[in-house]
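Fold the stuff below for me.
(2 chains)
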There are 2 protein chains.
Amino acid sequence: MQRVYTFDDDSKPDKKILGGKGAALKIMTQLGLPIPPGFVISTNTCIDFLKNNSTYPEDLWDQAMDALKKVEKKLDKKFNDPENPLLLSIRSGAAISMPGMMDTVLNCGLNDVVVEGLIKKTKNAKFVKDAYRRLIQMFADVVCNLDIQEFNKILDELKQKNGLNSDNELTSEHLDELLEQYKSVFKKLFGSDFPQDPLTQLDMAIKAVFNSWNNDRAIAYRNFENIPHDIGTAVSVQAMVFGNFDDNSGTGVLFSRDPSSGKNHIFGEYLVNAQGEDVVAGIRTPQSIDELKNQWPELYKDLEKNVKILETHFKDMQDIEFTVQEGRLFLLQTRAGKRTGKAAAKIATDMVKEGLITKEEAILRITARDIEEAIFPHVLWKVFELQKYADIDDLDAEIEAGKSVNEIIFDASSKPANLVGKGLPAGPGAASGHVVFSSDLAERIVKGEAAPFEITEFDKKRGGIPRLILVKHETSPEDFHGMVASQGILTMTGGMTSHAALVGRQIGKRVIVGAGTSGLDLRGDVLRTKKGDLITEGDIITIEVIDDGFVYFDNLPIVTPDNLPEELEQILIWSDEIAQMKVRSNSDKEDDTLKAIMNKSTGTGLARTEHQFFDALDTMREMILAETEEDQRVALNKMEELQKEDFTKLFTVSDGRPVTIRLLDPPLHEFLPSELEIRQNIYDQVLDPEQTAENSRILRKVLYYQEANPMLGLRGVRLGLMIPRIIRIQSRAIIEAAIEVKAKGIDVKPEIMIPLISTDVEFQKAREIVDKAANDVFEKRGTKIDYQVGTMIEIPRAALTADQIAEGKMGADFFSFGTNDLTQMSLGFSRDDVGKFLPFYLDNNILPVDPFQSIDTVGVGKLMKMTVADGRASAKKSGKYLKVGLCGEQGGDPTSIDFCYQIGLDYVSCSPFRIPVARLSAAQATLKYGEVDSKYGKVWPTPKN
Amino acid sequence: MQRVYTFDDDSKPDKKILGGKGAALKIMTQLGLPIPPGFVISTNTCIDFLKNNSTYPEDLWDQAMDALKKVEKKLDKKFNDPENPLLLSIRSGAAISMPGMMDTVLNCGLNDVVVEGLIKKTKNAKFVKDAYRRLIQMFADVVCNLDIQEFNKILDELKQKNGLNSDNELTSEHLDELLEQYKSVFKKLFGSDFPQDPLTQLDMAIKAVFNSWNNDRAIAYRNFENIPHDIGTAVSVQAMVFGNFDDNSGTGVLFSRDPSSGKNHIFGEYLVNAQGEDVVAGIRTPQSIDELKNQWPELYKDLEKNVKILETHFKDMQDIEFTVQEGRLFLLQTRAGKRTGKAAAKIATDMVKEGLITKEEAILRITARDIEEAIFPHVLWKVFELQKYADIDDLDAEIEAGKSVNEIIFDASSKPANLVGKGLPAGPGAASGHVVFSSDLAERIVKGEAAPFEITEFDKKRGGIPRLILVKHETSPEDFHGMVASQGILTMTGGMTSHAALVGRQIGKRVIVGAGTSGLDLRGDVLRTKKGDLITEGDIITIEVIDDGFVYFDNLPIVTPDNLPEELEQILIWSDEIAQMKVRSNSDKEDDTLKAIMNKSTGTGLARTEHQFFDALDTMREMILAETEEDQRVALNKMEELQKEDFTKLFTVSDGRPVTIRLLDPPLHEFLPSELEIRQNIYDQVLDPEQTAENSRILRKVLYYQEANPMLGLRGVRLGLMIPRIIRIQSRAIIEAAIEVKAKGIDVKPEIMIPLISTDVEFQKAREIVDKAANDVFEKRGTKIDYQVGTMIEIPRAALTADQIAEGKMGADFFSFGTNDLTQMSLGFSRDDVGKFLPFYLDNNILPVDPFQSIDTVGVGKLMKMTVADGRASAKKSGKYLKVGLCGEQGGDPTSIDFCYQIGLDYVSCSPFRIPVARLSAAQATLKYGEVDSKYGKVWPTPKN
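Take a look at the predicted model:
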């Protein structure tokens, strides 16, 4: 079988066989671009090699030698020919990019004899000897796994002895001395001499690359990125070119369009007389690619032409590496370039205009991250650091030090930022600001009543009012004013539904919670980091909340986007044309609903009614503390009026869009003071007998309603069935409001949602109360409106008995997955407490993703599939179509939206600000899967609304 | 189609068609016994009648008239013949007994003319007129639904006017007056005269019986007992005989064997010159059936012969009603008789010896309740009240008053006991005792240090030490001594896992928890009942814990069984020969395990290790409060020694039986003081700076480990993975103990169980730690033993991904369903909090049974089925057989055991004292289903152990 492919043979450039890098080199060669010749050993060969106890398949070596001969012939150079030697690079390259994870050997082919010949030929002794030194060192490290510190020690001692500051001050004589010592330490550590036979070097280098597929960091990386372990790496063997040969040489990287703005012009950097690693090392400042135009105009023109060819071929913006040796241009690599969200949209829409790609392709080019970046403030990382995974040094050392790949990748990408902690990503975006530990102080600073630290340049740039990050163990309702005054909130404890997370997200702040698990330690007014930093009041930190919450003891630059860029708007308009799944919003109040509609929500998937009860806290307490049914009735009737007003506003602003209103869900004790609080009151008011009696009465109620596990307690429909008046007044308020709004000529589509159903009987009994209340209103008003009654599917048993709940005339009209609770109960994870172990679980790959962010498709997803299939089949028997949606927080998560489409949901519902992401994801899912097949009972088109 | 069957036609006595009563009458007739002739209208006819808008099917009436003619001919009497009139009873009778739920009409056929004729014939005017009066009253009530109080008022006024105390003082003249008034009020209320045509009476009575199938109480009863609504009732029309005709007449009930001891002799009561209702009313004291032998020796011999015939035919002890009219014996009904558990076993084993039934039939005759009754103390209800459902008056009125059928049935059965409250049945059995409200007082009373109330006869009978019932809002660890001192514990709040329930059950007390929901109200030292009783210290109450927890303000007699009667032992030995599913015990300590083995446990299904940690509370606190890893290590090493000792004892006493040891499960905060407690300490010790610092440190840990929903928090495998040393020391302790016990020549079978698994990765990581620890011990000791590693299936996601968890070499060796947690999470019910709504749910038929008592087969059961099927299939691929058991509390519940067998479990594990029940249930399941088919992957025989 064919195991070796030269860049210029006429086989297809198949990524699976040649790896990403090999395929790109082949394509570029086929396009006639200036590529140093070479060949690729297939990925299958790697697999065969590893399976066969690190032994080559029989047919490999001969094929490789044939290919080598072709390369030699092409260049008219020979491997191991001291007169005119060919030097080779040996690089890894899997089908899926695993940058920096596997091994590379450069300058292969040098030995004591070839070195002499090459010096003679190039008249550049220092360059040649340095290349040889690098080969020995790299070989010792990568191929022979020797202790690289021994080599570094020699180099350091030599430099010290001779008073040299940097490697490039080494003279030819220094290099002679170094080479002797290198060779001798190599022999000492390896047990035999550095191999002088170039073919032996090549053989060992190829094997080393193969074996590096299974080094610890590569395995960890694949686990982390969910890359299969059985696809293997290809090996590219390519003639070396040298950007550091002389001053007529150089090396650079470029993007075919501006990765920051997306504008259609070449963007990049280069260095004269330098190698790739010199650009990365940052010792010398690279020049802008624009200067190349002046320096080497012909070459630039050539480069420009080649870039155009590549972009036209790949139909995407390219990230290209090039080297110039002795005035001659070579391309070494091309791949799709990373870009900002704004640039991504600009490039995609431009390319549609240019006729390069279709609208559908444009939609698939944009990622959710692109939209998020365009919505939320974010840290402005340097453009070239967008290539997060490139050139990570010392990875092995860091893995040995117990770091996870995730941390290392981040560390590397964030250099030189000082990452000091991590936590749960509760409120997305990024913020820099002064640390404050007190909410009162935060408020006073912003009001100008306090100035405990100096106004810095940082503050001046931002208008003179200090930006603040509020740091607390955890927040409570008493911190509300401090949270409003701050840009970001950082807590030590608490999970994704802690007060800080919920409220912070609601008021649009950047929030990291539960950062204590990462070693941040708040004691009094000092925040200690694991590394030993002490952060005190006024110090500036940055919090960045993306997939994870990161805390930097640094003042990082933050970019705050304005509106959604128009190119992204364009992409979303195209998306809406394509998406078959609707996007609704989770919005409880008028203003949020309006925001959602401006983001093109098709309706409200979840309007919680809790806030109405919390707003009328006194009335609710009256209701709960009522000793007689009459008192309870009076209190609840007050509630009815308040709710009707609210619903009227919701229906009015929704203007004909469906509004799913969930009936009261939380347990009653949430409306009462805490035990601690009331005990304090008793203590404080002990001299007032009347108050004491009242306090005791309240304490009794508090104790009565206290629950060991409130998540699994007396709430939702359970509460509604035991106090049916709650369901009754809420239903009446909804129907009354709907009738009144309709009377004004505005269409209304109320959908009443019963929470926390676990059995069909619960649903039927609750539905009876709703229907009775509605009919009472209809009779009283002498008019009718349409409404639906459905339920959250948030308890595993409800999912398991979906057929019963959807059955018959009294069955549910719709289901809406409450994946927050469903995840809690299916996994047995309390969201409030998960901060103590979820970060550990994610870091140790026990769970691939946070199931509260992205649906656990294996476990929870299995239940959801069953629910849709069983529920729809059962409803069908009664001649009904069961509408199924999702209104958990995962409704705004792209992977979850993808899954929802696969199992046939009619809509997802998410926070108003996540709607753009959801619209994109919904369209992408349609493009990815086409029409969902009917095995889950999906009937297209979806019912109108 | 045939709708009417005479008792003596040659059709088969099919219960489904004739109802239970009709079929029995037919069988008795066919056996040649003295049965008043009659006929039965089929159950199908009832269904057709109800479907057809309460109209007879066309073919009914003619068939009924034919049958009536046959009856007339047989008796040589005629319906509506004043000279020699036939009178009829019209009774309901469904295929499944619904005693007292439907209507009955007696004395049908009397009118003004027939009455005169019958007086002439019988010369017994008082008897005939009273019969007529009863007919009119019964007809008004049952057939015409008139207000029966109007009739009672007339009777009362007449009695008052004439100074009569009871109905049977009414003279013939009184009856004439009464009849006039009855007829006039009937006309007033009904709008027309009492129907004089006997055929009209018959027609209306039959229709009334049919319609009574759908009266409220019958529907409620069927819902409650899960009887289908579409099976209808049959109607028996039978010639009347009168036990109250003269002094040569009488009526009685008997059991063919003693229902209390099971001894093989007739046991019963009779009354001369009386009707059935007179026996029930209890105005006259009935005579023992033995006296009948002297009074009417010939008749008694006849009766004895007939009883033998019936027992031989039905192969079971019979409960028989008979009537004697003018010296002639008639049998009116026979059915299997209720009996005590002890009697049930005695009768069954006797009948096997007598060759009447097989061993298998004997096993099926015994119920779990029979065994429970033979194990636990219980209230000694009067023998005839064993017929719990018979003769319930005023059922409609009580349903209207909002009572559930359950309550009514109980009220009726427990007369004259004063039922004042209900709660959750946390500790089975019954106890009577003085109420105490303080644990300290309870202890002092029992120690003789306090005597706050007088020693009563009640106490003297019981040895002079007062028996106590401890009544508290809820108990806490401080109540332990009081609980030990009391016979029973009654709490107002708390659920099935509250402190009172868990600890009370563990120390073998009768426990009712959460009784506050039934209206019991504890304020200070007074327990108020809903009815207004005030129960104070020293008052005697009785608590009875069977399917439900009942509280009586009465001193009811309690029987405390000794050992399991030998006949029950015999049944269980037979059961073990038949059962294909093993029974293990949930026993943590040596003594419990020994108890289980004496009850013939085949091994330990669940040995919790928590108690070891709680016993060493100080050490655990050291571990949790440890600031350094070294301190933690030292603390945990202490634990290791303690545990090894415990495991050594367990393995020794288990003597080769498998022992499943569950690794530590509870959250860490359970080992710390409560927040309230530590805050109190801070307050108390505020002047001691050192102690204050320490208290603050503890408070910080307490707050850190505090969880919103501990049930779903950091516990089980989560804790073990984050502090792997916990798994390590436990595993080492198990393996070390096993090796040492084996060295003594005792076989050991350790099964290590990982708790709270939700993903396969968790299991594999935990297993790695266990295997590593085991191998370390093997190396150190230079010897090996076999052990298994498996997991609880208690989180829905684990059930959903059973295939992954059982997969491959590192997959689980066994599963054990933790149905307590699995039920909590599948239904979203916290066991600790469920007391607030579960009673309401059960009373309102939202749930058919308490899912913590008996597996929710529809929801949780669906998950369990999937788990067994997926897990076994996956293990099979790796060539393994996956052993699956259950160790939740439902392991001792007969219905759950039945279900476990159906889905192919290898064993159930339950409390040591429930083992006899489980052994019986396991055998019954095998007899019921035979070998379970392989659709769930069951492979018989089960693996040995």
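
what's the following helix or strand after whichever helix or strand A:Glu443 is part of?
For A:Glu443, the enclosing helix or strand under DSSP states H and E is helix A:439-447. Per DSSP H and E, helix A:439-447 leads on to helix A:457-461 as the next helix or strand towards the C-terminus.

Name the residues of the stretch 801-945 of chain A found near chain B, please.
A:801, A:804, A:821, A:824-830, A:832-833, A:836-837, A:840-841, A:844-847, A:856, A:858-860, A:862-863 (C-beta under 8 Å from any C-beta of the partner chain). Heads up, the C-betas are built off the backbone N, CA and C, glycines and all.

What residues sit buried inside the helix holding A:Glu443?
Burial within helix A:439-447, assessed by neighbour count using 16 or more other C-beta atoms under 10 Å in any protein chain shown, is assigned to A:439, A:441-446.

Can you lay out those as TSV showing pLDDT?
Output for the buried residues of helix A:439-447, formatted as TSV (pLDDT from 0 to 100):
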residue	pLDDT
A:Ser439	92
A:Leu441	93
A:Ala442	94
A:Glu443	91
A:Arg444	91
A:Ile445	91
A:Val446	89
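
I'd like those written out as a markdown table, with distance to chain B added.
Converted to a markdown table, the buried residues of helix A:439-447 look like this (distance: C-beta to the nearest C-beta, whole Å):
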| residue | distance to chain B |
| --- | --- |
| A:Ser439 | 19 |
| A:Leu441 | 23 |
| A:Ala442 | 23 |
| A:Glu443 | 25 |
| A:Arg444 | 27 |
| A:Ile445 | 28 |
| A:Val446 | 29 |
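
just the residues you listed now: which is nearest A:Ala417?
The closest of the buried residues of helix A:439-447 to A:Ala417 turns out to be A:Ala442 (C-beta to C-beta; 24.4 Å).

Surely the closest one and A:Ile489 touch.
No: contact criterion C-beta atoms under 8 Å: A:Ala442 and A:Ile489 do not qualify, at 10.0 Å.

list residues touching both of the two?
Common contacts of A:Ala442 and A:Ile489 (C-beta atoms under 8 Å, 6 or more residues apart in numbering or on different chains): A:Leu470.

Name the helix or strand for the residue in the stretch 101-250 of chain A positioned nearest to chain B, please.
Nearest residue of the stretch 101-250 of chain A to chain B: A:Asn223, at 10.4 Å (C-beta to the nearest C-beta). Using DSSP H and E, A:Asn223 maps to helix A:216-225.

tally of neighbours for A:Asn53?
As a burial measure, A:Asn53 scores 6 neighbours (other C-beta atoms under 10 Å in any protein chain shown).

er, A:Pro666 I mean
By other C-beta under 10 Å, the residues close to A:Pro666 number 16.

Distance check, it against chain B.
Between A:Pro666 and chain B the distance is 13 Å, computed by C-beta to the nearest C-beta, to the nearest Å.

hang on, that residue is in a strand, isn't it?
No: counting by DSSP: H, G, I helix; E, B strand; the rest coil, one finds A:Pro666 to be coil, located in no strand.

SS state for the one residue in the stretch 451-600 of chain A that gets nearest to chain B?
Residue nearest to chain B within the stretch 451-600 of chain A (C-beta to the nearest C-beta): A:Thr493, separated by 6.8 Å. Here A:Thr493 is recorded as coil under three-state DSSP.

which residues does it contact?
A:473-474, A:513-514, A:516, A:835, B:703-704 are the contacts of A:Thr493 under C-beta under 8 Å, 6+ apart.

what's the distance between whatever residue is furthest in space from the centre of chain A and A:Leu699?
Here chain A reaches farthest from its C-alpha mean at A:Pro689, the gap being 58.4 Å by C-alpha atoms, centre = their mean. Using C-beta to C-beta, to the nearest Å, A:Pro689 is found at 15 Å from A:Leu699.

So which of the buried residues of helix A:439-447 is the closest to A:Glu675?
Relative to A:Glu675, the closest of the buried residues of helix A:439-447 is A:Ser439; by C-beta to C-beta it sits at 23.4 Å.

Report the central residue of chain A.
Centroid-nearest residue in chain A: A:Asp547, 4.0 Å away (criterion: C-alpha atoms, centre = their mean).

Quick one: residues contacting that one.
Contacts of A:Asp547 by C-beta under 8 Å, 6+ apart are A:Pro425.

repeat for the one 5 residues further on
With contact taken as C-beta under 8 Å, 6+ apart, A:Tyr552 is in contact with A:414, A:417-420, A:541-544.
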